[in-house]
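Sequence first, predicted coordinates after that:
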Amino acid sequence: MRKRIVSRLKVSVSALLVVGAVALIVQHRAAANEDSPKTARYYRQQAAAAYKAKDYALAIDNLKKALDLIPDHPTLFYNIAAISALQGKKSDAIAWLSKVAAMGLALHPEKDADFDSIKESEAFKDVLRKFESNKAPVINSTTAFTIHEKGLITEGLAYDPASETFFVSSIHKRKILAINKSGEVRTLADEQAGLWSVLGMKVDAKRRLLWATTTAFPQMVNFKREEENSSAVLKFDLKTGKLIKRYLLPNKPKPHALGDLTIASNGDVFTTDSLTPAVYVIHPENDEIELFLENDGFVSPQGLAFSGDERHLFMADYSTGLFDIDVRTKKVVHLPPLEGATLLGIDGLYFYNGSLIGVQNGVAPWRVVRIFLSDDFKRVGRLQVIEANNPLFDEPTLGVLVKDSFYFIANSQWGLVDEKGQLGPADKLADPIVLRVKL
């Protein structure tokens, strides 16, 4: 989910350390209490303040403490590299930059004044060449279909195997579109049915239901400030297209942003809240939305995916990586990071043949990855990039597995709608595209 409330992974120049540092420190002063556990966010705020004060040793010390908590955070590597360059520690700067390049990311340190002291070195130029090579296209997809309606700002994708119909959700225009096997497009539901921005969706084919999440975002048309960060799960009858029930989480006392969801074979619906971090559940027998789980390790929960036996509920946290949740005991395991890779910035998450498919739109370049798990699901064995640097990409978002193929939104175009709900120039907007990758 691209919504700005999500803790997006900032892969950018080290000057971003300073942005909002004072405000953040004031806002989260409680986190600085000596009796409170220190979070990675806390250490990053302290590093930002130290960087601004040009206390580079203290800045690096805090960044490394943050790295102890999130060992695969490429922004931390980058910022340590930049500050090392400012300290004149050229070999350290190159080493830390090389770690980012090894993750397959593509940054532009040549544009960052913090690296001026090493920009003419051959080692720095070697790293730039590696970043450049990481921009090479990895394309295994074909176009499944295109929706000829610009300005939707698409987010979610679902599929009904019985009717062979895809469903696409719109952030800006507050609606759900249905696309049949002939390519005909119709509106299933819109603002008149009480939809806000529509995000994740899943089809319960057995019970003939479509489930969707909706949240009041400023990027949607006819936004009302008093509704901001109210959120709900919607249940539709696939036979009639009618809304059956709305499961509301009001924006008081806490704001909410339900993003993605998944469905167990018994009909239980699980959904993530990325604003007040938690997982919620709707049990068919109770037919109400209930808090399922909160955890101190959650910062920005996103995609959910059950293992084949449904003993493991995997969750992607945009800011901290992958979690394995035991639905029966509610035990939460944070999967350890993979050396030479990053598991951060994953939006959509899907289980396929003992592995996870992730849409990783919180790193540069945007990419779709396959995450191979160990047999016991306790660790990640390797990460394979299956799509990256596709010229059609404009922030890929969510997808759906259909047999042995993965379909996903290629160009959500989140960057073309602002916080006032205004779309970018007409000549910049493109028709939404869904791509298909054979797995």
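Good, I have the coordinates.

Report the next helix or strand after the one helix or strand R370 maps to in sequence order.
Secondary structure from DSSP states H and E places R370 in strand 367-373. On the C-terminal side of strand 367-373, the nearest following helix or strand under DSSP H and E is strand 380-388.

list the helices and strands that next one packs on?
Where contact means 3 or more CB pairs under 8 Å, 6 or more residues apart in numbering; DSSP states H and E, strand 380-388 is packed against strand 367-373, strand 433-438. Backbone N, C-alpha and C define where each C-beta goes, glycine included.

helix or strand right after that strand?
As the chain continues past strand 380-388, the following element, by DSSP H and E, is strand 399-402.

ok, now which ones touch G424?
Contact analysis of G424 by CB atoms under 8 Å, 6 or more residues apart in numbering lists G415, L416, V417, D418.

neighbours of P336, just the number please.
Residues within reach of P336, counting by other CB atoms under 10 Å, total 14.

That one - nearest residue in space that isn't next to it in sequence?
Of all residues beyond its chain neighbours, the one nearest P336 is R379 (5.7 Å), with distances taken as CB to CB, 6 or more residues apart in numbering.

between the contacts of G424, which is nearest F145?
Proximity of those to F145 was ranked by CB to CB; the top entry is L416 with 20.7 Å.

ok, now how distant is the residue lying closest to K181 once chain neighbours are set aside from G267?
Computed as CB to CB, 6+ apart, the closest residue to K181 that is not its neighbour in sequence is E164, at 4.2 Å. As judged by CB to CB, to the nearest Å, E164 and G267 stand 22 Å apart.

Now do the buried residues in stretch 252-266.
Using 16 or more other CB atoms under 10 Å as the test for burial, stretch 252-266 gives P255, H256, A257, L258, G259, D260, L261, T262, I263, A264.

do the same with stretch 292-308
F292, L293, N295, F298, V299, S300, P301, Q302, G303, L304, A305, F306.

same deal with stretch 391-407?
When neighbours are counted by 16+ other CB under 10 Å, the buried residues of stretch 391-407 are found to be F393, D394, E395, P396, T397, L398, G399, V400, L401, F406, Y407.

What is the end-to-end distance of it?
Terminal residues of stretch 391-407 lie 17 Å apart, using CA to CA, to the nearest Å.

does the residue nearest to P336 really touch L373, like I thought?
Yes. Using CB atoms under 8 Å as the test, R379 is close enough to L373 to be in contact (7.3 Å).

so where do the strands sit in the stretch 251-400 of the chain?
Applying DSSP state E, counting those that start in this stretch to the stretch 251-400 of the chain gives strands spanning 258-263, 269-273, 278-282, 289-293, 301-306, 313-317, 321-325, 332-334, 346-352, 355-360, 367-373, 380-388, 399-402.

Give me the distance between the strand holding R370 and the centre of its chain.
Centroid separation for strand 367-373 versus its chain: 14 Å, with CA atoms, centre = their mean, to the nearest Å.

tell me the angle that strand makes with strand 321-325.
Angle, strand 367-373 to strand 321-325, by axes from the mean of the first three to the mean of the last three CA atoms, to 10 degrees: 40 degrees.

relative to strand 313-317, how tilted is strand 367-373?
140 degrees.

Packing partners of strand 367-373?
Packed against strand 367-373 by the contact rule (3+ CB pairs under 8 Å, 6+ apart) you find strand 355-360, strand 380-388.

got a markdown table for those strands, with mean neighbour count and mean pLDDT too?
Shown next, in a markdown table, are the helices and strands packed on strand 367-373 (neighbours: other CB atoms under 10 Å; pLDDT from 0 to 100):
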| stretch | mean neighbour count | mean pLDDT |
| --- | --- | --- |
| strand 355-360 | 25 | 98 |
| strand 380-388 | 18 | 97 |
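
mind giving me JSON lines with those strands and columns for distance to D114?
Compiled in JSON lines, these are given as follows (distance: least, CB to CB, whole Å):
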{"stretch": "strand 355-360", "distance to D114": "26"}
{"stretch": "strand 380-388", "distance to D114": "27"}
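
Find the centremost residue of this structure, please.
Among the residues of the chain, the one closest to the centroid is D347, at 2.8 Å (CA atoms, centre = their mean).

per-residue confidence at that one?
Per-residue pLDDT puts D347 at 97.

what's near enough to touch it?
Under the criterion of CB under 8 Å, 6+ apart, the neighbours of D347 are 1-2, 260, 302-303, 316, 318, 358-362, 397-398.

Now the two most distant members of those residues.
Largest separation among those by CB to CB: R2 and G358, giving 15.4 Å.

Doesn't L76 belong to a helix?
Yes. Secondary structure of L76 (DSSP: H, G, I helix; E, B strand; the rest coil): part of a helix.

Can you get me a residue count around it?
L76 has 26 nearby residues by other CB under 10 Å.

what do you get for L248?
L248 has 15 neighbouring residues, counting by other CB under 10 Å.

Any chance of a markdown table for the strands of the stretch 251-400 of the chain, columns distance to D204?
Below are the strands of the stretch 251-400 of the chain laid out as a markdown table (distance: least, CB to CB, whole Å):
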| stretch | distance to D204 |
| --- | --- |
| strand 258-263 | 5 |
| strand 269-273 | 8 |
| strand 278-282 | 11 |
| strand 289-293 | 16 |
| strand 301-306 | 13 |
| strand 313-317 | 16 |
| strand 321-325 | 20 |
| strand 332-334 | 25 |
| strand 346-352 | 16 |
| strand 355-360 | 20 |
| strand 367-373 | 25 |
| strand 380-388 | 27 |
| strand 399-402 | 13 |
